[in-house]
Every structure is written in structure tokens, then in C-alpha cells.
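1. my questions are about this predicted structure, shown below with the sequence.
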Amino acid sequence: MNEWFAKQVVHRFVQFSRGEKIFNYLKKINHIPYLPSDEVKEMQLKKLGKTLRIAYYNTPFYRRLFDEVGIEIENLRLPDDFKAIPTLSKDMVRANYSDIINQNIRKRVSKELTSGSSGNPLTVVKDRDKSAYGRAVMYRCYNQYGIEIGHKQARFWGVPISPKYILKEKIKDEIANRIRLSAFDIHEKSLIAFTTKLKNFKPRYFYGYPSVLHKYATWILEKGYDLKELNLLAIITTGEVLYNFQREAIKSAFKCKVVNEYGCTEIGILAFECSEGNLHIMADNVYLESANSGKSRNTGEIIVTELNNEYNPLIRYNIGDIGTISDSSCTCGINFPVISSLAGRDSTFIVTPEGRYINDAILEYTFAQGIKQFRAVQNSKNILDIKIVRRSELTDRTMEEYKRKLVKHLGTSIQINYEFVPDIEPDESGKLRYFISNIA
Ligand SMILES: [Zn+2]
């Protein structure tokens, strides 16, 4: 579809008929990331207070919860009172579903189903005002890289199995001006067909899971294909932790910027990478904390509170990821706080014989150039087994350097065994996990 038509006709019509004022919000919120950081903090506390009051007066669940911990809603002391609120798990949301919904407003809503990777999907309801704000935040992020509403997108994503959903998703793809490659169907034949499709469609950007994009990029590089002609504005990765070796491979296959998006289906974008490579929290839409779980001094579980959701407020929602939130400033001009390290919900810690917990991200920091893939498995506190698929450019000297680096971080008491292998298969879940801990 012509991009002007997609933006000015299709998007405007869809937004109007859904009552989702994305264009209006985009104009209103564009300047917010560049406000001085104390103004951002003030705005957050104000929105936080409003969210708590709305939740207290309109939802039985939060009224009960706040009363239990003794919060005086008309005499709020923020952020201290806020910290007294127990965190909310996915199971709690599921169990109290109708009590979390605002009882006093009737609005048009959209339903979204979170992924069932944990075996238990959750339906979240968003009113159109909230979803418009969320989408405006998304386009504000994308605008940094020249991507606009209506621009053509190639998506590396799941494809529904049931015919009803296939048609629904096809219509959604058509309206959104995008094509998709099934993340579950990656083999020689599908990749050849998709490459031809891409060349004809000429997308402006890619969007997808880093593991899938990395697999595609590796295939492109191995075949010696050149997809520079696509002239992509950026490749946005989402849904999993983006490792450096994935970023490098994707970058060299498509010769464009690779940008990390951190979000979840329940809420939307939580943080987005800026031109300086920092993951800025979308502080006008969410309030993020990292609650120390005692695993490591500076890391903790990421707890999210939505700031623009009056219909079904999520307050101190634990999304199960682990990260570090930093107030350090960034030279890109955006004054939103930064997530300085992030590990996915599947991530774990390497445990040393002395009982130190080291985030598995250290492996990714260590194994950079020359390594196609790796998998580390820890079966006991004394031993770490690492399988590596090497590239031809990996020299023995570089490998020795990687080994020294790892010893520096993990110490000498843990024995590290290296094995070079031709390939590493995904595990039963289909995920390409890089670290597996078999110790409790
Ligand atoms: Zn920045």
C-alpha cells in the first residue's frame, strides 16, 4: 500500500472509527522526553498519585489492598506509600480480573491476549484512550529513527493456526501495511520465498524477535546475499533480550541500525533504545522500579505501574524480568531514566562455589566477535560447560582473551570447560537459550 495513503487515509479512518486518537496524542507528547529530568519526576509522581486515587475509588481489588496496608488515600505520601503496596503477579491479575476493572466508567475497549509461554495466557483489556496513548508512545520511539505511521513493515512474528485468526491477522497486516514471516517456519525454502517477497514489498523497517532475525541474518550472510538494497531505516527487535552477537550479525547482513525495544503485551513499550544505545524508560506512560530480590546487589525484578490506565490499572505489576534502573544522564537529549542492564524472565545466574550470583549476561559480553553461537550449562557450582560454534575468523589468541575475561569475572574456583561444536540445536521450547542452569 502507498505509504501516504496508509497514513493519511487508512490510519486516520481506523483511528476515527475506533476512537483511538493516536495522531492527537503524538502531537501532545512529542516534547516530553526532552523535559528536564526533575520535571519528568514531578510529572510521574503526579500521575502516580492520580492512578492510585482512581484505582482506590473505582476498583474493589485496589481498595481492599490499600486498606490492608494502611494507605491513607487522601493523605498520600509518595513515593513512600507507594512502596508499601505489595507487588502484583500475573496470577493475581488473573484471579481478581473483574475486581481490577474500573467499575464506574464504561468505555470502548480492546482485548489482547498475552503469550502463553508460561502455559497460562492472560487477557488484558485496554480502553481506547489508553491504547492511543501507548501507540503514540510507540511512534514517538520509532520517529527517532525516521519511521512514521503508515511506513511499510516486515514482521518476524508468530502466525496464528486457526483459520478465524489467520483472516483477522491478515486484515490487520493489510491495514498496518506489513508482511510477516512466521517465526515458527524458518527453513531454506521459506527463507528464499520471504527474501523475494521482501525485495518486492520494499519495507522501511523490520520488527521481530532477535533470535529469529539473527537466524535469518546468519542465513543471509552464509549465502553471501546482499540485502543492502532494502535500505532499511532500522531493525527493531523485541520480546527477548538482544545479545551483542545477534546485533552484530543482523547489522552486517542488512547494513542498518539495530534498535532494542523492551516491552510486554500487557502494557506495551516500557523502554526503547536511543541513538546513544541507552534503553530509556517511557516515563510518561510507565513507572518502573527494580525491586531487589537479593540475588545480586544492583539487580532486581522489574516492577511496572501504568500511568495512563484508568480503566484497568496495573499497579506494581511484576513482569518477571530482571534489570537495573539508572538515573545517569544520556547525551542523546532524552531525560527519561535508563535501564542499564536487562535480563529476560528466562535468565538466570551463574553461581560460583563461593555462592556469588553473576548475571548470565556476562557470557554475552564476553563472547563477541568470531563466535556464531554458544550455550553454557551449569550442572554444579564447581563447573561451567560451554559449547561454542566458532566462525573461521576466531583466532586462538582471541579465544584465550575471552577465557581470561571470563575467569576475571567468575573467579578461579569455578572450572570452565570449552567445547567447539558445529551447531547448537534449540531446546524443546524452540528457544535458542544461551545459558541453562540446572542448580536450584
Ligand atoms: Zn539516550
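-> The structure has been received and is ready for your questions.
2. ok, the residue of the stretch 1-150 of the chain at minimum distance from the ion - contacts?
-> Here the stretch 1-150 of the chain gets closest to the ion at one residue, P33, 8.8 Å apart by CB to the ion. All C-beta spots, glycine's among them, are computed from the backbone N, C-alpha and C. Taking CB atoms under 8 Å, 6 or more residues apart in numbering, we find P33 in contact with R140, H280, D284, G333, I334, N335, F336.
3. now with 7 Å, please.
-> Shown in contact with P33 (CB atoms under 7 Å, 6 or more residues apart in numbering): H280, I334, N335, F336.
4. now Q369
-> Counting by CB under 7 Å, 6+ apart, Q369 has no contacts.
5. could you look up the SS state of it?
-> coil (DSSP: H, G, I helix; E, B strand; the rest coil).
6. got it, and Y287?
-> Once three-state DSSP is applied, Y287 turns out strand.
7. state the pLDDT value of the closest residue to it other than its chain neighbours.
-> Among residues not flanking Y287 along the chain, T305 sits closest, at 4.3 Å (CB to CB, 6 or more residues apart in numbering). If you check T305, the pLDDT there is 96.
8. put the alpha carbons of the helix or strand encompassing T305 into PDB.
-> T305 is part of strand 299-306 when elements are defined by DSSP states H and E. Only the C-alpha atoms of strand 299-306 are listed here, as PDB (Å, rounded to 0.1, in the frame of the first residue of the first chain):
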ATOM      1  CA  THR A 299      19.800  -6.000  40.100                       C
ATOM      2  CA  GLY A 300      16.200  -6.800  40.800                       C
ATOM      3  CA  GLU A 301      12.800  -7.800  39.400                       C
ATOM      4  CA  ILE A 302      11.300  -5.100  37.200                       C
ATOM      5  CA  ILE A 303       8.000  -3.800  38.700                       C
ATOM      6  CA  VAL A 304       5.800  -1.700  36.400                       C
ATOM      7  CA  THR A 305       3.000   0.700  37.100                       C
ATOM      8  CA  GLU A 306       0.900   2.100  34.300                       C
END
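9. what comes up buried for the following helix or strand past that strand?
-> As assigned by DSSP H and E, the chain's next helix or strand after strand 299-306 is strand 317-326. Residues Y317, N318, I319, D321, I322, G323, T324, I325, S326 are the ones in strand 317-326 that count as buried (16 or more other CB atoms under 10 Å).
10. could you measure from the residue nearest to Y287 over to S37?
-> Here T305 is placed at a distance of 19 Å from S37 (CB to CB, to the nearest Å).
11. of the two, who's got more company?
-> T305 (24 against 14; other CB atoms under 10 Å).
12. one step back: and the residue of the stretch 1-150 of the chain closest to the ion, which of the three is it?
-> helix.
13. got it, and the one 5 residues further on?
-> For D38, the secondary-structure state derived from three-state DSSP is helix.
14. what's the neighbour count on it?
-> So D38, with other CB under 10 Å, has 9 neighbours.
15. show the model's pLDDT score for it.
-> For D38, the predicted pLDDT is 94.
16. could you check how far it is from E72?
-> D38 is 26 Å from E72, by CB to CB.
17. show me where the stretch 1-150 of the chain dips below the pLDDT cut-off.
-> 112-121 (pLDDT under 70).
18. and the helices in it?
-> For the stretch 1-150 of the chain, the helices defined by DSSP state H, counting those that start in this stretch cover 3-5, 12-18, 22-29, 37-58, 60-68, 80-83, 90-95, 97-100, 128-143.
19. counting by contacts, list what the third one packs against.
-> What it means is helix 22-29. Counting contacts by 3 or more CB pairs under 7 Å, 6 or more residues apart in numbering; DSSP states H and E, helix 22-29 packs against helix 128-143.
20. which parts of the stretch 251-400 of the chain sit against the ion?
-> Contact residues, the stretch 251-400 of the chain versus the ion (CB under 5 Å from the ion): C274, E276, N278, C330, C332, I334.
21. so which of these wins on neighbours?
-> Neighbour max across those (other CB under 10 Å) = I334, 24 neighbours.
22. one step back: V258: which of the helices of the stretch 1-150 of the chain is closest?
-> Among the helices of the stretch 1-150 of the chain, helix 128-143 comes nearest to V258, with 13.9 Å by CB to CB.
23. show residues contacting that closest one.
-> Helix 128-143 has contacts (CB under 7 Å, 6+ apart) with 18-22, 25-26, 29-30, 107-108, 110, 149, 268-269, 272, 282, 285, 308-309, 311.
24. pull out the buried members of the residues you listed.
-> Those of the contacts of helix 128-143 that meet the buried threshold are 20-22, 25-26, 29, 149, 268-269, 272, 282, 285, 308-309, 311, by 16+ other CB under 10 Å.
25. which one of the residues you listed is nearest K223?
-> F272 (31.5 Å).
26. that closest one contacts A283, correct?
-> No: counting by CB atoms under 7 Å, F272 does not reach A283; the two are 11.4 Å apart.
27. look up the pLDDT of D427 for me, please.
-> At D427, pLDDT is 61.
28. distance from stretch 402-414 to the middle of the chain?
-> When distances are taken as CA atoms, centre = their mean, to the nearest Å, stretch 402-414 is centred 30 Å away from the chain's centroid.
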